[in-house]
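Undergrad: Kindly return the folded structure for what I paste below:
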Amino acid sequence: MAAHEIKTREPEAARAETTRSGDFQRPLVDIFETDQSVVLYADMPGVGKDDLEISVDKDELTLLGRVKSEPAGAGVYAEYRLRDYFRAFELANVIRVEKIEAELANGVLKLTLPKADHVKSRKIAVRGE
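TA: Below you'll find the model as predicted:
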């Protein structure tokens, strides 16, 4: 992944969000780069499609996933509780924000961030004999 295309805004953004709206956990993220795009995978178990907010404001990509509350009476004792997810990333101007695609399946969010044409890899044709 090219470092200039997407970088995390942790921990400052997450701390600010935690104090503003509640207690969040950071989803684990894997980022891959292809010739055409940057692909981000975020683990967000317990989050449904309707409970996921993805936004871009200026150069910041924000992921907010709300976990559905656990059913009442589900347990007597718990050492772990599900929390909502929050993560923010800084995007470089080489990402075509209007073309970002999101897909959620089995608790994994896949974001495809297409690159602008001027940064895509391409072959140069050679003319001559």
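
Undergrad: what's the weakest-modelled helix or strand in this protein?
TA: Across the helices and strands of the chain, mean pLDDT, DSSP states H and E gives its lowest value to helix 12-21, namely a mean of 46.

Undergrad: Identify the residue nearest residue 96 in space, chain neighbours excluded?
TA: Ranked by C-beta to C-beta, 6 or more residues apart in numbering and with sequence neighbours excluded, the top spatial neighbour of residue 96 is residue 114, at 4.6 Å. C-beta: built from backbone N, CA, C; applies to glycine.

Undergrad: what residues are up against the one you found?
TA: Contacts for residue 114 (C-beta atoms under 8 Å, 6 or more residues apart in numbering) come out as 36-37, 95-96, 99-100.

Undergrad: Among those residues, which one lies nearest to residue 83?
TA: residue 100 (25.3 Å; C-beta to C-beta).

Undergrad: quick one: that closest one and residue 109 touch, right?
TA: No - here residue 100 lies out of contact with residue 109, judged by C-beta atoms under 8 Å, at a distance of 11.8 Å.
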